[in-house]
Structures are given as structure tokens and as C-alpha cells.
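[1] Compute the structure for the input listed below.
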Amino acid sequence: MSKAPLTYTPLQALPKIQDWCAYQERCQQEVRDKLYSYGLRTDDVENLISKLIADNYVNEERFARAYAGGKFRIKKWGKHKIKAGLRAKKISEYCMKKALEEINEKEYLATLRKILENKAGLLKEKNAIRKKYKLLNYAAAKGYEQGLIMEILNEDI
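    Predicted structure coming up:
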């Protein structure tokens, strides 16, 4: 069985990368890394990325919105962790801001409250202060803001 070539010409790479981008939202950095893995040179990579952007296969703001929405709804991540993930993917501050604006504030607070309630039910800790500390650390590790966590913990948990 023959193996796929390790290097592609820009003409060979274009339909492959278009299919890859059409399958799921991608950011420019992911596309750039994939194109380099095809053995393409820097100028070819940048030309292909320009073409993908022009043809609307790659859109940083659309990617950022999809990423933020998915991480919040599916993984229940807080805004800090989402922002760190976007920063790791080299997304601009503008796109990060737009993506985080998509998260409904009421839904965000309700999700944080539910996470804290679920975790509180699992903790065996009897000492109230230590229990709050553990809950604070848990929610902070998921990327939620310390002030919001404390607000909810002081209310009712």
C-alpha cells in the first residue's frame, strides 16, 4: 500500500486544505501549521491562507465565536480559560472580545452556579471554610472569575 506524499504543491494542497477547513472551523494558525506539515514554503503557505480567507474558508472572528460557544456550552469553561485558549491559538484581542460577548451573562452565571452546586454535593469536606476554598479553586481552574465565584458562594452554597 502506497503512502500519501510527504510534500504537496500549492495546487495539490488547496483542495485538501479547503476540505479540512470546510469540515470544522479553523483559525489561521491551525491552517498555517497544517500547510507547513504538507511541506510547503512560507510564501506558498501565506498565499494559500490569503485565498482561504478570501473564499471565506477561514474567518478568525467566526472561529473565535464557535470556539468560545463550544467550550462554554460543552465543557462549561469560564471566560478566563476560553480567553487563554484563544490566545494560545493566536487570535486577536478584537476577535476574543467579540467571541466572549456571545456568551449570555444569565446563562454564564447559571452555569457557574450549577457547577458549584454539583461540586459541593460531591465534596465530603465538613469545614465550611475549607469547602468554600475547594469550590473556589475548582471553579477558578475552570476559568471563572474569582469575584463571581465568591458572590455565588456567599449567596447560597
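
[2] Going by C-alpha atoms from here, please, whenever you check contacts or count neighbours.
    OK.

[3] Report the contact partners of the residue most central in space within the chain.
    For the chain, the residue sitting closest to the mean C-alpha position, by Cα atoms, centre = their mean, is Tyr67 at 4.1 Å. By Cα atoms under 8 Å, 6 or more residues apart in numbering, Tyr67 lies in contact with Ile82, Leu86, Ala99.

[4] which sections of the chain are below the confidence cut-off?
    The model of the chain has pLDDT under 70 over residues 1-5, 156-157.

[5] re earlier: are any of the contacts of Tyr67 buried, and if so which?
    Burial by neighbour count, judged by 16 or more other Cα atoms under 10 Å, picks out Ile82, Leu86, Ala99 from the contacts of Tyr67.

[6] Check those residues against Thr42 and report the nearest one.
    Nearest to Thr42, judged by Cα to Cα, of the buried ones among the contacts of Tyr67 is Leu86 at 23.3 Å.

[7] The closest one is in contact with Ala64, isn't it?
    Yes. Under the criterion of Cα atoms under 8 Å, Leu86 makes contact with Ala64 at 7.0 Å.

[8] Quickly list what's touching both of these two.
    Between them, Leu86 and Ala64 share these contacting residues under Cα under 8 Å, 6+ apart: Met96.

[9] picking that back up, so which strand or helix has the residue nearest to the centre of the chain?
    In the assignment (DSSP states H and E), Tyr67 maps to helix 60-73.

[10] Tell me the helices and strands packed up against the following helix or strand past that helix.
    Per DSSP H and E, the first helix or strand lying C-terminal to helix 60-73 is helix 79-88. Judged by 3 or more Cα pairs under 8 Å, 6 or more residues apart in numbering; DSSP states H and E, helix 79-88 is in contact with helix 60-73, helix 93-101.

[11] On the three-state scheme, Leu148 is what?
    What DSSP: H, G, I helix; E, B strand; the rest coil gives for Leu148 is helix.

[12] what's around it, how many residues?
    16 (other Cα atoms under 10 Å).
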